[in-house]
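**Q** task: produce atomic coordinates for the following.
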Amino acid sequence: LGAGVITARYAELGELKVPGGVVPAVRSLREADIPGLQLHTDFVSEEEEAAMLAVIDARPWDTTVKRRVQHDGYAFDYHTLKVDVSRKMGPL
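**A** Numbers count the residues shown, from 1 in each chain. Predicted structure coming up:
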């Protein structure tokens, strides 16, 4: 892709404001001409999506950072920026 920046969204071709200027933005993955990129629309039904989100949202959230996160396997330590192998969170 060279030195360019590509942003994919779900709409038509346009521009995206970023710090320091504006970059071209592809807002439809169907229009993004990226070798090897495949878009499978409706891969998951709305019912399957709702069920998956309910399972994810029912698990505990870590809100000690500026966003909420969930850890699988081992916890990530945001102070050391490493995985904390002493804090096993469960199976992957």
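**Q** low pLDDT regions in this structure?
**A** Filtered on pLDDT under 70, the chain yields the residue ranges 1-13, 26-34, 92.
**Q** give me that answer again for 80
**A** In the predicted model of the chain, residues 1-16, 24-42, 90-92 satisfy pLDDT under 80.
**Q** which parts of it are strands?
**A** 14-18, 21-25, 74-77, 82-88 (DSSP state E).
**Q** what helices and strands are in contact with the second one?
**A** Strand 21-25 is packed against strand 14-18, with contacts defined by 3 or more CB pairs under 8 Å, 6 or more residues apart in numbering; DSSP states H and E. Glycine gets a C-beta too; all of them are placed from N, C-alpha and C.
**Q** residues of the strand it packs on that come out buried?
**A** By 16 or more other CB atoms under 10 Å, strand 14-18 has no buried positions at all.
**Q** and what of stretch 59-75?
**A** Buried residues in stretch 59-75, counted by 16+ other CB under 10 Å: 71, 74-75.
**Q** hmm, back to that, of all the strands of the chain, which lies closest to residue 61?
**A** Residue 61 lies closest to strand 74-77 among the strands of the chain, at 12.7 Å (CB to CB).
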